[in-house]
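Undergrad: Fold the following for me, if possible:
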Amino acid sequence: MSVPGPGRALLLVLAVGMFMEQMDASALATVLPAIAVDFGIEPMPLKLALTAYIVAVAMFIPITGWLADRFGARRVFILSICAFMGGSLLCALSQDLVTFVVARFLQGTGAAAMSPVARLIIVRSVPREHLVGAISRWALPAMIAPVVGPLVGGFLATYASWHWIFWINLPIGFAGIVAARLVIPDMKAEDVPKLDAGGFSLLALCFPMLIFGMSVLSLPLVPAWLGPGLIVGGLLLGWTYIWRAGKVARPLLDTSLFRDLSFRVASIGSAVFRFSTGATHFLIPLMLQLGFGLSPLQSGLLTFAGAIGAASSKLFISKVFHLFGYAGVLWVTAWLAAALQGGMGFLQPGVEPLVVVAFMAAGGLVRATFFSGIQALGYATLPNDRAADVSILATVNNQLSVAGGIAAAGMVLEIWGGQSPGLADLQLALIVLGGVGALAALALIGLPKTLGRLR
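TA: Residues are numbered from 1 along each chain as shown. Predicted structure coming up:
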């Protein structure tokens, strides 16, 4: 059943934000070496630009629903595009690492609201009988953008300039703002609960301290005490938040969800897996360009196969989990993903491009299967009225895990190879982090083998 005419226009406008966000993220990984050359630095410190964006997303996602209810979903959606455009403009104008990191953080504040608020607008605007199809169509850019992102980023970095991956966000964002004012209805909630400002303050300090503490542990430019100090401070703030969350009526992140076995297993497994695989988006372009001597475009032509593999998994995911259950499929895919990621570390310069494409496509397919299953597992045994709380906490967990993986990968490379790691260092990091990903399978121990089966 198709979505009604007004619904199609609404979905197209809301898809602009997701497409811009996903395109930017997938293109950036391909051009990191080119950015490092322009800034006159080694690529390793650029991990701060990646983690700054992710930390901003994790910080602000928990309050996006409250902001939409309090100030109106249309207004918050438009402001999120404005913030993303402002960050993009500052990224394009950046001439040093510090400015670039600040710009990426600003981008992340915008990205934090775009997708959650868009989903909220869809739920409140599209008739219930069209909701599944509407969300599926709206999410389509999330599958398309990672495919074309590496190609666009590689092409621009090779034949123009890396700055253009940010410049192109400006006309897209402007068109999205104009269309949003015309198409998106103005909606506010009548009874808005009080914001957990104390909880937000703790998390807004905890998340950056933890991730940036990990990111600067091995940087020679900062005092040796700074990294450990930030990590310890972040852990203390996190513990304070957990203690406080048990005493307030509506905590920003409801940590009581961890009492549920399925959610606890899903959270631990997802965190370990994303910690491992999140770093591949940072490591593989570096290996292909710095280690194999490929151009950004050649690198993008190889890495985009991962997105193709991920998209193809949608053809059979439901059937596989219904047939074998969560535990069996997740166990197998965790080990396969680790083997494929580690296998990338054994590739050498001059390898046939089709071999790299095969590794990337297979890895994308296996990772997407694991991600889909572990995400569904988090909801498996909790009541429907907890779905919103599950979604927020799971999203924050996933974002922080990826940021932690990138920070850890950079730290390991800096310890082994200094600020100029060689091919062997990049390969070893892929192998070691692949092994870490295999540990996600251990989180599944104790999970009922029949959970998720339909036959």
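Undergrad: Grab the most central residue of the chain for me.
TA: residue 399 (5.5 Å; Cα atoms, centre = their mean).
Undergrad: where's it relative to residue 275, distance?
TA: Distance, residue 399 to residue 275, using Cβ to Cβ, to the nearest Å: 12 Å. Every residue, glycine included, has its C-beta placed from N, CA and C.
Undergrad: cool, and residue 233?
TA: 21 Å.
Undergrad: out of these two, which sits in the more crowded spot?
TA: residue 275 (24 against 15; other Cβ atoms under 10 Å).
Undergrad: nearest spatial neighbour of residue 87, skipping sequence neighbours?
TA: residue 107 (3.1 Å; Cβ to Cβ, 6 or more residues apart in numbering).
Undergrad: Please report phi then psi for that neighbour.
TA: Residue 107 has phi and psi values of phi -60, psi -40 when expressed as degrees, to the nearest 10.
Undergrad: Tell me which residues touch it, please.
TA: By Cβ atoms under 8 Å, 6 or more residues apart in numbering, the contact set of residue 107 is 24, 53, 56, 83-84, 87-88, 91.
Undergrad: Out of the residues you listed, which comes closest to residue 191?
TA: residue 83 (27.2 Å; Cβ to Cβ).
Undergrad: how far does the strand or helix carrying the closest one sit from the chain's center?
TA: Element membership of residue 83, judged by DSSP states H and E, is helix 73-93. Distance of helix 73-93 from the chain centroid (Cα atoms, centre = their mean, to the nearest Å) equals 18 Å.
Undergrad: same check, this time on stretch 431-442
TA: Centroid displacement of stretch 431-442 relative to its chain, using Cα atoms, centre = their mean, is 19 Å.
Undergrad: and it, average pLDDT?
TA: Stretch 431-442 carries an average pLDDT of 89.
Undergrad: For residue 294, give me its contacts.
TA: Listed by Cβ under 8 Å, 6+ apart, the contact set of residue 294 reads 288, 302.
Undergrad: redo that, cut-off 7 Å
TA: Counting by Cβ atoms under 7 Å, 6 or more residues apart in numbering, residue 294 touches residue 288.
Undergrad: for the one 10 residues further on, same thing?
TA: Counting by Cβ under 7 Å, 6+ apart, residue 304 makes contact with 147, 150-151.
Undergrad: what about stretch 377-385, how long is it end to end?
TA: Stretch 377-385 has an end-to-end distance of 16 Å (Cα to Cα, to the nearest Å).
Undergrad: what comes up buried for it?
TA: Neighbour counts using 16 or more other Cβ atoms under 10 Å place 377-380 of stretch 377-385 among the buried residues.
Undergrad: what sits against the closest residue to residue 306 other than its chain neighbours?
TA: Nearest residue to residue 306, sequence neighbours excluded (Cβ to Cβ, 6+ apart): residue 364, at 3.6 Å. Contacts for residue 364 (Cβ under 7 Å, 6+ apart) come out as 305-310.
Undergrad: switch the cut-off to 8 Å
TA: With contact taken as Cβ under 8 Å, 6+ apart, residue 364 is in contact with 305-310, 313.
Undergrad: Next: residue 293.
TA: By Cβ under 8 Å, 6+ apart, residue 293 lies in contact with residue 349.
Undergrad: With residue 365 instead?
TA: Each residue near residue 365 by Cβ under 8 Å, 6+ apart is listed here: 309-310, 312-313.
Undergrad: mind checking how far it is from residue 316?
TA: As defined by Cβ to Cβ, residue 365 lies at a distance of 10 Å from residue 316.
Undergrad: Likewise for residue 217?
TA: 41 Å.
Undergrad: And the two? Which one has more around it.
TA: When neighbours are counted by other Cβ under 10 Å, residue 217 and residue 316 differ, and residue 217 comes out ahead with 20 against 12.
Undergrad: That one contacts residue 229, correct?
TA: No: if you go by Cβ atoms under 8 Å, residue 217 and residue 229 don't touch, sitting 10.6 Å apart.
Undergrad: got the domain boundaries for this structure?
TA: Residue ranges for the domains of the chain, per the TED database: 1-193, 195-249, 255-454.
Undergrad: name the helices or strands packed onto the helix or strand that contains residue 429?
TA: Assigned by DSSP H and E, residue 429 belongs to helix 423-438. Packed against helix 423-438 by the contact rule (3 or more Cβ pairs under 8 Å, 6 or more residues apart in numbering; DSSP states H and E) you find helix 261-277, helix 280-286, helix 317-344, helix 387-417.
Undergrad: mind checking how far it is from the chain centre?
TA: Helix 423-438 sits 20 Å away from the centroid of its parent chain (Cα atoms, centre = their mean).
Undergrad: returning to what we had before: could you tell me which residues touch both of residue 399 and residue 275?
TA: The overlap between the contact sets of residue 399 and residue 275 (Cβ under 8 Å, 6+ apart) is empty.
Undergrad: OK, contacts around residue 181?
TA: Contacts of residue 181 by Cβ under 8 Å, 6+ apart are 74, 78.
Undergrad: Where does it fall, secondary structure wise?
TA: Per DSSP H and E, residue 181 falls inside helix 169-183.
Undergrad: any idea how far residue 236 lies from residue 210?
TA: Per Cβ to Cβ, residue 236 is found 11 Å from residue 210.
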